[in-house]
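Engineer: any chance you can model this:
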Amino acid sequence: MSRYYILLPAIMSMAIIIPLFTLIAYSQKNVTINPNCGTEEGFEVTLETDGFEPNSNVHWDLVDTINNTIALSGYFTTNSSGGFEERTYVDDINSGDYKIKFFDDADTNDKLDTNKTGISRDFSIPCKNQ
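Structural biologist: Residues are numbered from 1 along each chain as shown. Model (predicted):
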């Protein structure tokens, strides 16, 4: 009978740890940009995200990394799992290195929501190998 008392703390700790890791995994933001570069003439980009606030708004900015100005910006509405997959067209943008920044903005005031974090990805025009 004493071996059950030894196993009980291990079983109880697993009951706490597994849901905690599951919560952390689902709350991490992820962004995929395809392609992450393009031509100066313009091109279509697919933005795919998850881990944002469900059924809410995500603000995005295309920011020039040299002078820290916003070249393009917009909003997408997230689905019930806090993600979206949307296509947008990038044109009339100067050559350069950019970051696309994403953040929760439920009230669409162009500001990061309280107690939320953003995520960014590199983006360039034209592609580095061109």
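
Engineer: A strand includes Lys101, no?
Structural biologist: Yes - remark: Lys101 belongs to a strand, assigned using DSSP: H, G, I helix; E, B strand; the rest coil.

Engineer: near it, how many other residues are there?
Structural biologist: 18 (other CB atoms under 10 Å). C-beta here means a position set from N, CA and C on the backbone, and glycine is covered the same way.

Engineer: return the residues in contact with it.
Structural biologist: By CB atoms under 8 Å, 6 or more residues apart in numbering, the residues touching Lys101 are Trp60, Asp61, Val63, Gly118, Ile119, Ser120.

Engineer: and the residues you listed, which are buried?
Structural biologist: When neighbours are counted using 16 or more other CB atoms under 10 Å, these contain these buried positions: Trp60, Asp61, Val63, Gly118, Ile119, Ser120.

Engineer: spatially, what comes nearest to the fourth one if we skip its sequence neighbours?
Structural biologist: With CB to CB, 6 or more residues apart in numbering as the measure, Phe103 is the residue that lies nearest to Gly118, at 3.4 Å, once sequence neighbours are left out.
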